[in-house]
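> Below: sequence and its predicted model.
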Amino acid sequence: MLPTLADVLALDAVHRGGPRVVAGADRLNTRVRWVHVGEVSDIAHLLRGGELILTTGVALPEDHGKLADYVADLAGVGVSGLIVELGRRFVGELPREVVDAAETHGLPVVTLARETPFVQITESVHARIIDIQLQELRASEHLHEVFTELSVEGAPPAEVLRQVSRLSSRPVLLENLAHQVLACESSGRDTGTLLAGWEARSRAVAPRERTAYDASSGWLVTMVGARGHDWGRLIVVCDAPPGPRDVVLAERAATTLALGRLLERHQESLERQAHGTILTGILTHAYADPDEAAARARAVGVPLTGRKLISVVLRLTDHDDTALNLQARLGELAEATAAACRDARLLALVGALDQNRVGVLLPLPPRMLAEGALTALAERLRTAFTTPFVLAAGSVVESVRDVRRSFLEAEQVAEAAARQPDRRPFYRLPDLRLRGLLHLLRDDARLQTFAERELGPLLAHDAHRGGDLTGILKTYLESGRNKAVAAQRAHLSRPAFYDRLRRLERILDTDLDDVEACLSLHVALLALESFRREIR
């Protein structure tokens, strides 16, 4: 950024001349583009604006009226200021007409009480200008490197905003054209305060240029989009008017965001990313205060305060596909879920929680029960999305502070239900019965000891022999101990299946016709499934 007139006056070369501001003291923040020594009065037509004029006044006209015209001409071409060395033409002070004309036209005028080598002033100022330009060039090169790397890596909007905030030390926000905040980096500010009344405040700021600074709000705003299709705005919250580097930073970031949007393939939308970031922040305690999470949710159009909240987790149950296709289908599930919520007129945060799960946080409308909301969501989603999945819900909670507990319960229910789905519209903890209880107790050492005591010899035999007698036992028990049905399900002849049952009895040292023994083994098998987190 170019030095100001105040910066020039602080230089040693100028300070030694005893400078005194005689006009335009309120305009010392004017930028100095160059320094020019000129003694003639008709110099204005040779200037381009931004110059600081140095003169001794020896060739200026005697007539005070023409001196006033000289000052007016300089102001008219936009010079940054006029420095006059006293002693050769003007002794002690400048004529009153010069000072009055300068005040009238807003031209800063400075006098030097002592003889000062002008070459020292020009060298000092020009060295400062060139040094600043070199710094700006290096900074621009650094910005280019940073955002090129972000573009190549396909960085998400949150990371782009994080870099903008780091480089500018200012809050940065990305919003869509509906003035909903898609990403926010507060730079240490209170997020709730920053986002308060966001939509109304944002709609009031509508600059005509693609990049502009709005002085009333203190926002540097630049449009985000490509190929003639704008889809958002990047906003840098400034405490003071931004400099050229800030403008370049904002525009470079907007280009990176637009490029990232163009390169998206089989990925979740920016809205899903924004929602997913909020949900993940709640689950990982990333927000220091629950009010911050509520403020961020409100900024994307989902009010959480003053409502009952219910968490939902969705998991795909068909895993016979590549990881890339699974990720694409999970993104499709998230988009379909968001569309189903809109169709059911349910406000919701919807986003992928990881590679396997989609999370939903529903603030329940007044007088709507959780069962009604879940039924409406499930019906619409199963009509629109045909790939098998399970929809599991946690308990209804009263505040954002308790949402994490509800999500953990929904996650446990979803994981247990996905092992053996029975096509229910949705699952809650009571629906899982014994399987759900065992899943909740899966980390209890007593349950683990029980399962190991019941099944340990069988598991060791399978591991050593490479067999699957454990599967035979499971088929037998799930067939209600009907040997004929179990043999058919196992694709074995009855004699072969009976032989395997006898081997099971010898290994386990038990009687498979004993109801209580079979019940104990069945519970142990269900517990074993709950220990194995990976869904088969």
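All right, it came through fine.
> Can you tell me how far Tyr70 is from Ala44?
Using Cβ to Cβ, to the nearest Å, we find Tyr70 at a distance of 8 Å from Ala44. Backbone N, C-alpha and C define where each C-beta goes, glycine included.
> So the two - more neighbours on which side?
Shown here are Tyr70 and Ala44; by other Cβ atoms under 10 Å, Tyr70 has more neighbours (22 against 19).
> Residues in contact with the helix or strand containing the more buried one: which ones?
If you go by DSSP states H and E, Tyr70 is part of helix 64-76. Residues from elsewhere that reach helix 64-76 (Cβ atoms under 8 Å, 6 or more residues apart in numbering): 41, 43-44, 47, 53, 60-61, 82, 95, 97-98, 100-102, 104-107, 109.
> let's see it at 6 Å
Contacts made with helix 64-76 from outside it, assessed by Cβ atoms under 6 Å, 6 or more residues apart in numbering, are listed as 41, 44, 95, 97-98, 101-102, 105, 107.
> Just the ones of those residues in helices?
Among the contacts of helix 64-76, the members found in helices (DSSP state H) are 97-98, 101-102, 105.
> Neighbour count and pLDDT for these - can I get that in CSV?
Output for the ones in helices among the contacts of helix 64-76, formatted as CSV (neighbours: other Cβ atoms under 10 Å; pLDDT from 0 to 100):
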residue, neighbour count, pLDDT
Glu97, 16, 92
Val98, 24, 92
Ala101, 23, 94
Ala102, 24, 94
His105, 16, 94
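> Name the nearest residue to Tyr476, sequence neighbours excluded.
Ala486 (4.5 Å; Cβ to Cβ, 6 or more residues apart in numbering).
> what's the answer for Gly78, then?
In space, Gly78 is closest to Gly49, 3.3 Å off (Cβ to Cβ, 6+ apart).
> The one you found - that's part of a strand, no?
No: counting by DSSP: H, G, I helix; E, B strand; the rest coil, Gly49 is not part of a strand but coil.
> Give me the angle between the helix or strand that the helix holding Tyr70 is followed by and helix 96-105.
Downstream of helix 64-76, the next assigned helix or strand under DSSP H and E is strand 81-85. Counting by axes from the mean of the first three to the mean of the last three Cα atoms, to 10 degrees, strand 81-85 lies at 160 degrees to helix 96-105.
> Run me through the strand neighbours of strand 81-85, direction for each.
strand 51-55 (parallel), strand 109-112 (parallel) (DSSP bridges).
> sorry, back to before: and for the residue nearest to Gly78, the neighbour number?
Other residues within reach of Gly49, judged by other Cβ under 10 Å, total 11.
> quick one: it and Tyr213, what's the gap?
From Gly49 to Tyr213 the distance is 20 Å (Cβ to Cβ).
> and if you look at Asn176?
Taking Cβ to Cβ, one finds Asn176 at 21 Å from Tyr213.
> Domain map for the protein?
If you go by automatic domain parsing, the domain ranges for the chain are 5-126, 154-263, 270-432, 445-531.
> where do the strands sit along the stretch 251-400 of the chain?
309-316, 349-352, 357-363, 389-397 (DSSP state E, counting those that start in this stretch).
> Name every strand pairing with the shortest one and say which way it goes.
When you say that, I think you mean strand 349-352. strand 357-363 (antiparallel).
> avg pLDDT for the strand it pairs with?
Strand 357-363 comes out with an average pLDDT of 94.
> swap in stretch 466-486?
On average, stretch 466-486 scores 90.
> Can you pull out the residues in contact with it?
With Cβ under 6 Å, 6+ apart as the criterion, stretch 466-486 contacts 458, 462, 489-490, 500, 504, 518, 522, 525.
> Quick one: neighbours of the residue nearest to Leu381 when sequence neighbours are not counted, just the number.
In space, and not counting its chain neighbours, Leu381 is closest to Ala340: 4.2 Å by Cβ to Cβ, 6+ apart. Residues lying near Ala340 (other Cβ under 10 Å) number 23.
> Leu167 versus Ala340, what's the distance?
Distance from Ala340 to Leu167, by Cβ to Cβ: 40 Å.
> Just the buried positions in stretch 67-74, please.
The neighbour-count check on stretch 67-74 (16 or more other Cβ atoms under 10 Å) flags 67-71, 73-74 as buried.
> Hmm, I typed the wrong one, I wanted stretch 156-170.
156-157, 159-165, 167-168, 170.
> quick one: the helices in the stretch 251-400 of the chain?
With DSSP state H, counting those that start in this stretch as the criterion, the stretch 251-400 of the chain has helices at 270-283, 290-299, 323-343, 370-384.
> Nearest approach to Glu199 belongs to which of these?
helix 290-299 (8.1 Å; Cβ to Cβ).
> so Arg173 sits in a strand?
No, residue 173 isn't Arg; it's Leu. Yes: counting by three-state DSSP, Leu173 is part of a strand.
> Could you double-check that it sits in contact with Ile235?
Yes: taking Cβ atoms under 6 Å as the definition, Leu173 is a contact partner of Ile235 at 4.8 Å.
> mean confidence for stretch 159-167?
The model assigns stretch 159-167 a mean pLDDT of 91.
> outside of that stretch, which residues touch it?
146, 150, 172, 183, 185, 187, 249, 253, 256-257.
> go on, stretch 388-408?
282-283, 290, 293-294, 304, 308-318, 370, 374, 378, 409-410, 413-414, 417-418, 421, 426-428.
> That one spans what distance, first to last residue?
22 Å (Cα to Cα, to the nearest Å).
> since we're on Asp239, how many residues are nearby?
Asp239 has 9 nearby residues by other Cβ under 10 Å.
> Would you check how far apart it and Glu185 are?
From Asp239 to Glu185 the distance is 16 Å (Cβ to Cβ).
> Same check on Pro242?
With Cβ to Cβ as the criterion, Pro242 and Glu185 are 16 Å apart.
> Looking at the two, which one has more neighbours?
Neighbours were counted for Pro242 and for Glu185 using other Cβ under 10 Å; Glu185 has more, 24 against 20.
> What's opposite that one in the beta bridge?
Checking Glu185 by DSSP bridges, which sets the bridge assignment, gives partners Val172.
> For the stretch 201-350 of the chain, give me the ranges with low pLDDT.
Along the stretch 201-350 of the chain, segments meeting pLDDT under 70 span 227, 262-268, 318-325.
> please redo it, this time with the cut-off set to 50
Applying pLDDT under 50 to the stretch 201-350 of the chain flags the ranges 265-267.
> Over to the stretch 401-536 of the chain?
Ranges of the stretch 401-536 of the chain meeting pLDDT under 50: 533-536.
> where along it do the helices fall?
So, for the stretch 401-536 of the chain - with DSSP H, counting those that start in this stretch - the helices run 403-419, 433-440, 445-465, 469-478, 483-489, 494-508, 515-531.
> secondary structure element for Val91?
With DSSP H and E as criterion, Val91 is part of no helix or strand.
> For it, grab the count of nearby residues.
7.
> What separation is there between it and Lys66?
Distance from Val91 to Lys66, by Cβ to Cβ: 19 Å.
> Would you mind finding the longest helix in the chain?
helix 118-153.
> That one versus strand 51-55: what angle between them?
Using the same axes, to 10 degrees: helix 118-153 against strand 51-55 is 170 degrees.
> What's the first helix or strand after helix 118-153?
helix 157-168.
> ok, and the closest non-adjacent residue to Pro366?
Closest to Pro366 by Cβ to Cβ, 6+ apart is Arg307, at 7.9 Å.
> ok, now Leu46?
Gly38 (8.0 Å).
> in stretch 375-384, what counts as buried?
Buried, per 16+ other Cβ under 10 Å, within stretch 375-384: 376-378, 380-382.
> Out of those, the closest to Ala23 would be?
Among the buried residues of stretch 375-384, and counting by Cβ to Cβ, the member closest to Ala23 is Leu377, at 71.2 Å.
> Any figure for the gap between that closest one and Thr510?
Distance from Leu377 to Thr510, by Cβ to Cβ: 46 Å.
> Alright, calling it a day.
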